[in-house]
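A.B. asks: Sharing a sequence plus its predicted fold:
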Amino acid sequence: MARTPLEKLHEKPGTRAKQKRAPRPRKKLRKPLLRSRKHEPRKCVLVPSPARKFWNVAADLVEIASSPLARVVRRRIGVEELAIPVEGLAPEFEGYRIAFLTDFHTSPIVSKAWLTESVAIANGLGPDLIALGGDFVSSHARHLPAFVRAASKLRAPDGVVGVLGNHDHNVGADLVRRALDEAGVTLLRNRARILERGAARLAVGGVADLISDVIDIGALLSGIPPGMPRIILSHNPDVFALWPAGTRLDLMLSGHTHGGQVRLPILGAPYVPSSHGERFAEGLVEEDGRRLYVSRGVGVLLVPIRWGCPAEVTAITLERAR
């Protein structure tokens with residue numbers, strides 16, 4: 001029997017991939033020392049300012065300087081298994097698998113080997129669909145080719161879909177869109193794709209980035225018939241709090257927070273880039289019959305260190321609600 005990419009990966013000496021495990025239960029929420037300011041929906045797309053471009057250069061220099069540390073810091077990519085019951089899910093979609101990867105942050109501190117490993121893990125999960133949650137590049141567009149080479153190897157019967165993150169807009173949304181197209185990724189910007197299994201239907205939609213783009217939930221929902229099961233991608237988890245009352249949402253998949261990237265004993269994460277703090281920092285959130293899952297992501301930002309919140313690839317299995 002042919003070995004899967006994941007099995008081959010585990011045979012390599014020194015591999016950092018972890019065995020699959022269930023999502024960690026959410027602990028009592030602590031208030032982070034710092035949190036992101038509240039972002040209201042924008043009326044126009046944010047164009048990177050000279051100050052933003054300066055910070056991009058500064059961040060890239062920091063990541064170049066800290067890149068030697070990436071070769072000595074031991075990190076791992078975990079696999080989080082998530083079973084989601086969906087009301088009215090057709091029997092044809094029972095057991096439907098989605099591999100979710102987000103926040104690659106391709107840069108000098110996220111190596112080609114690290115990207116290749118995350119792709120191999122996702123492919124090895126045997127997904128029906130692969131979903132990408134944005135922030136494909138960190139601070140400079142010259143790192144996009146490395147991402148394209150890795151992402152172009154993602155394989156799933158229903159293809160690969162994704163949304164952009166704030167860092168993608170910072171370095172140039174058009175450049176990232178072209179890179180995604182080259183890698184074979186279908187971008188879902190305020191629109192949905194309807195998956196079919198015979199007469200059965202399942203909607204997979206994507207929302208534009210809250211910080212840098214114009215989110216249009218109405219436009220997204222206009223392509224989804226009422227009552228149809230739906231999975232929604234949103235780079236920023238704060239969109240979950242903006243979802244219209246009384247509107248169906250079976251599962252929103254987000255990233256952006258990195259789980260805090262560093263979580264200290266007792267204190268938790270010093271900084272969570274969400275205006276809701278620990279509420280949307282990581283893991284599964286269930287509120288008012290809706291579900292949000294916030295991934296800790298694949299990459300890192302500024303320094304190649306994760307403490308208490310390892311990188312992850314998420315495996316979602318849809319089940320019929322009993």
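C.D. replies: Cool, got the structure.

A.B. asks: If I look at Leu202, what pLDDT would I see?
C.D. replies: Looking at Leu202, its pLDDT reads 98.

A.B. asks: Repeat that for Lys18.
C.D. replies: 45.

A.B. asks: Please apply the same query to Lys38.
C.D. replies: Looking at Lys38, its pLDDT is 78.

A.B. asks: What helix or strand is it located in?
C.D. replies: If you go by DSSP states H and E, Lys38 is not part of any helix or strand.

A.B. asks: Count the residues that sit near it.
C.D. replies: Lys38 is flanked by 10 other residues according to other C-beta atoms under 10 Å. Glycine gets a C-beta too; all of them are placed from N, C-alpha and C.

A.B. asks: ditto for Leu187
C.D. replies: Neighbour count of Leu187, defined by other C-beta under 10 Å: 16.

A.B. asks: For the closest residue in space to Cys309 that isn't next to it in sequence, give me the pLDDT.
C.D. replies: Leaving aside its sequence neighbours, Cys309 sits nearest to Gly259 (C-beta to C-beta, 6 or more residues apart in numbering; 3.4 Å). On pLDDT, Gly259 comes in at 91.

A.B. asks: Wait, Gly259 touches Glu278, no?
C.D. replies: No. Checked against C-beta atoms under 8 Å, the pair Gly259 and Glu278 is beyond contact range at 10.1 Å.

A.B. asks: Show me whatever sits in contact with both of these two.
C.D. replies: Residues touching both Gly259 and Glu278 (C-beta atoms under 8 Å, 6 or more residues apart in numbering): Ala269.

A.B. asks: Over to Leu195. Which of the three states is it?
C.D. replies: Following DSSP: H, G, I helix; E, B strand; the rest coil, we place Leu195 in the strand state.

A.B. asks: residues near it, how many?
C.D. replies: Neighbour count for Leu195, taken as other C-beta under 10 Å: 21.

A.B. asks: picking that back up, list the contacts of the residue nearest to Cys309.
C.D. replies: Gly259 touches Ala269, Ala281, Glu282, Val294, Arg296, Gly297, Cys309, counting by C-beta under 8 Å, 6+ apart.

A.B. asks: Can you tell me which of these is nearest His143?
C.D. replies: Distance to His143 across the contacts of Gly259 (C-beta to C-beta) is lowest for Gly297, with 16.0 Å.

A.B. asks: Look at the closest one and say how many residues are nearby.
C.D. replies: 31.

A.B. asks: Please apply the same query to Gly223.
C.D. replies: With other C-beta under 10 Å as criterion, Gly223 counts 14.

A.B. asks: and if you look at the one 4 residues further on?
C.D. replies: The number of residues packed near Gly227 is 9, by other C-beta under 10 Å.

A.B. asks: Would you check that Leu253 makes contact with Leu101?
C.D. replies: No. Using C-beta under 8 Å, Leu253 is not in contact with Leu101; the gap is 10.1 Å.

A.B. asks: Now do the shared contacts for these two.
C.D. replies: By the contact definition C-beta under 8 Å, 6+ apart, Leu253 and Leu101 are jointly contacted by Ala131, Gly133, Ser295, Thr314.

A.B. asks: quick one: which of those is most hemmed in?
C.D. replies: For the shared contacts of Leu253 and Leu101, neighbours were counted using other C-beta under 10 Å, and Gly133 has the most, 29 neighbours in all.

A.B. asks: where in the stretch 51-200 of the chain is pLDDT low?
C.D. replies: Applying pLDDT under 70 to the stretch 51-200 of the chain flags the ranges 72-74.

A.B. asks: now the residue nearest to Leu195 when sequence neighbours are not counted: how far from Gly223?
C.D. replies: With sequence-adjacent residues excluded and distances taken as C-beta to C-beta, 6+ apart, Leu195 is closest to Leu202, at 4.6 Å. Per C-beta to C-beta, to the nearest Å, Leu202 is found 13 Å from Gly223.

A.B. asks: which residues are common contacts for these two?
C.D. replies: Joint contacts of Leu202 and Gly223 (C-beta under 8 Å, 6+ apart) are Ile194.

A.B. asks: helix, strand or coil for Gly78?
C.D. replies: strand.

A.B. asks: next one: the one 4 residues further on
C.D. replies: Under the three-state scheme (three-state DSSP), Leu82 adopts strand.

A.B. asks: give the contact list for the nearest residue to it once chain neighbours are set aside.
C.D. replies: On the basis of C-beta to C-beta, 6+ apart, the spatially nearest residue to Leu82 that is not a chain neighbour turns out to be Ile316, at 4.8 Å. Applying C-beta under 8 Å, 6+ apart to Ile316 gives the contacts Leu82, Ala83, Ile84, Arg97, Ile98, Ala99, Phe100, Ile231, Leu251, Leu253, Tyr293.
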